[in-house]
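A.B. asks: for reference, the sequence and a predicted model appear below.
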Amino acid sequence: MAPRRPSLSTSIARWHGDERTVGSPLNTAEVVALRRTRLFGSTGTILMAIGALGAGARPVIQDPTFGVRLLNLPSRLQTVSLTMTTTGAVMMALAWLLLGRFTTGPRRMSRSQLDRTLMLWILPLLIAPPMYSKDVYSYLAQSEIARNGLDPYTVGPAPGLGLGHVFTLSVPSLWRETPAPYGPLFLWIGRGISAITGENIVAGVLLHRLVVLLGVALIIWAVPRLARRCGVAEVSAMWLGAANPLLLMHLVAGIHNEAPMLGLMLAGTEFALRGIESRHRLLPRPLRAPSTEADWQRWAPLLQLLAGTVLIAMSSQIKLPSLLAVGFVAMALAHRWGGTVRAFFAASGSLTAIAVLVIVVIGKASGLGFGWLFTLGTANVVRSWMSPPTLLALGAGQGGILLGLGDHTTAVLALTRAIGVLIIAVLVTWLLLTVLRGRLHPVGGLGVALGTTVLLFPVVQPWYLLWAIIPLACWATRPGFRIAVIVTTLVVGILGPTANGDRFALFQIVDATLASAVVVALLIGLTWRRLPWRAMPAGDTDPSPAPVTA
């Protein structure tokens, strides 16, 4: 009899390492279910990547698929492409939900199993066109402005490059006249990318995606360590935070600079807390240059604290909200020093001085200066329904119109946004003092502060939610929090707008949504007994580990 050929799922499992090894926390039935879940999710991201050839945020010119028969086909079948992208996103999100079964309970998947799953889901998105946003083209345009010696904080793509420039053409019309709202570190990196790629859009997009990938790598490095510091299971935090569908959809596929911002902030927080919580003194006595191994061990906590503060300050030079982490690290340090008023001023003053020094050095070394401080409100022109203050103002404005009082939306908007900022300031101050007293872990305080900031921010985009979700995943263990994150992720990721930069007619969106719902329903029916849609039967929950295979 001819030997049985391996199935596709078996081949993929062997390609990225067989789970059935000594020490695997899962039993044989669970390993099989995990493997099938992984394949289901990777199929979804492959569909997303293929659909992005027609439904993605492709450039206006220099589109590499233009004129290539097979690759250009999705662009001529936009409804089909949108259906594929939506179906793939739903499959990936559902696979992530199923993956959660293996991150809680008495037996959890291993870190290596989760890492391989995440890698397999990310790979197809790395070579796909940008999705869900055209922000990457704004990055290219603003970086090119800086490379040309102009100030990206005073001129936008149209006046800085011209309306006919290859980058300006792909920038959404709303942002063609606006200056850059990003910090100088990010535009410094972008200027380097522009120096390498010139006006080649494809190469520029790929290098920006590489920067995003490095940021994701830092997130993956920091999350399990912060979770361990907070007493949370590593795989639970990784699943809820680093493997969250919003990260794959918007940071990896959408190419947003939140990835390096969050990566540097989380890595910096881990280094700083590692120094603060060390058993060694933060200021070795006597103060002398380290010469022996014992001297280096005594100096290590201080060096880790300094390195962490520098990394956090660097992250703020991509997007400013991450600077909140310096405050919570400072409060943790003040608590370590006794929690007194003197400790408060000593810790906050010293770390603030370090952060300011880093900001000044980056501003001077990059040649971009500090104009970014005056363009932070650039995005406020967007009236985002996801922002409660903005939504409240829009509702009040429409109510005034219906009552015949006139359109006062702009005035109400200024009031509600100002109130939101005031509430953020009050709540963040309270959280900082709570950490100072030792009643709240600094990682938890940072997550809640960023969550408050996102909730009351004048503009909220889907990927902003990751500011809070990822640090909170390292700290919060209550089922209510996990349920809230799951529901938010699925609602924003699945039911959110599917048009991702290109303009789709309403009938196309409706047709694609209905078709995707039918396809996903059929897939659930076909895999009902093969994927862990339900709890594992009692007969399949043998606690014995998976056997060793050759």
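C.D. replies: That came in fine, so what should we check first? Numbers count the residues shown, from 1 in each chain.
A.B. asks: nearest spatial neighbour of the spatially most central residue of the chain, chain-adjacent residues omitted?
C.D. replies: Nearest to the centroid of the C-alpha atoms of the chain, with distances taken as CA atoms, centre = their mean, sits Leu247, at 4.4 Å. Excluding the flanking residues, the one nearest Leu247 by CB to CB, 6 or more residues apart in numbering is Leu466, at 6.0 Å. Where you see a C-beta, it was placed from the backbone N, CA and C, and this is true even at glycine.
A.B. asks: now the strand or helix carrying the one you found - C-alpha only, CSV.
C.D. replies: With the criterion set as DSSP states H and E, the secondary-structure element containing Leu466 is helix 466-473. Listed in CSV are the C-alpha atoms of helix 466-473, where the atom choice follows Å, rounded to 0.1, in the frame of the first residue of the first chain:
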residue,chain,number,x,y,z
LEU,A,466,-4.4,49.3,21.1
TRP,A,467,-2.9,52.1,23.2
ALA,A,468,-4.9,50.8,26.1
ILE,A,469,-5.6,47.1,25.2
ILE,A,470,-2.0,46.0,25.0
PRO,A,471,-0.7,47.4,28.4
LEU,A,472,-4.0,46.4,30.1
ALA,A,473,-3.7,42.9,28.7
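A.B. asks: make sure the residue nearest to the centre of the chain is actually in contact with Leu213.
C.D. replies: No. At 11.6 Å, Leu247 and Leu213 do not qualify as touching, with contact defined as CB atoms under 8 Å.
A.B. asks: which residues do the two both contact?
C.D. replies: Ala259 (CB atoms under 8 Å, 6 or more residues apart in numbering).
A.B. asks: so for stretch 420-428, mean pLDDT?
C.D. replies: Rounded to a whole number, the mean pLDDT of stretch 420-428 is 91.
A.B. asks: quick one: low-confidence ranges for the stretch 51-200 of the chain?
C.D. replies: By pLDDT under 70, the stretch 51-200 of the chain contains no weakly predicted segment.
A.B. asks: if you set the cut-off to 90 instead, what comes out?
C.D. replies: Along the stretch 51-200 of the chain, the model assigns pLDDT under 90 to residues 51-84, 100-112, 127-128, 131-134, 149, 156, 160-165, 170-178, 198-199.
A.B. asks: the helices in it, which residues?
C.D. replies: Counting by DSSP state H, counting those that start in this stretch, residue ranges of the helices within the stretch 51-200 of the chain are 69-76, 78-99, 111-126, 135-147, 157-161, 184-197.
A.B. asks: tell me the most buried of those?
C.D. replies: Most buried of the helices of the stretch 51-200 of the chain by mean neighbour count (mean count of other CB atoms under 10 Å) is helix 135-147; its value is a mean of 26.
A.B. asks: report the distance from it to the chain centre.
C.D. replies: 21 Å (CA atoms, centre = their mean, to the nearest Å).
A.B. asks: same for that helix, what does it pack against?
C.D. replies: Helices and strands touching helix 135-147, as assessed by 3 or more CB pairs under 8 Å, 6 or more residues apart in numbering; DSSP states H and E, comprise helix 157-161, helix 184-197, helix 201-229.
A.B. asks: which parts of the longest one are buried?
C.D. replies: Judged by neighbour count using 16 or more other CB atoms under 10 Å, the buried positions of helix 201-229 are 201, 204-205, 207-209, 211-213, 215-216, 218-220, 222-227, 229.
A.B. asks: what's next to whichever helix or strand comes after it, contact-wise?
C.D. replies: Scanning forward in sequence from helix 201-229, with DSSP H and E defining helices and strands, the next element found is helix 234-237. Helix 234-237 is touched from outside by 102-104, 108-111, 114, 223-224, 226-228, 473-474, 477, with contacts defined as CB under 8 Å, 6+ apart.
A.B. asks: if you set the cut-off to 6 Å instead, what comes out?
C.D. replies: Contacts of helix 234-237 with the rest of the structure, by CB atoms under 6 Å, 6 or more residues apart in numbering, involve 103, 108-109, 111, 114, 223-224, 227, 473-474.
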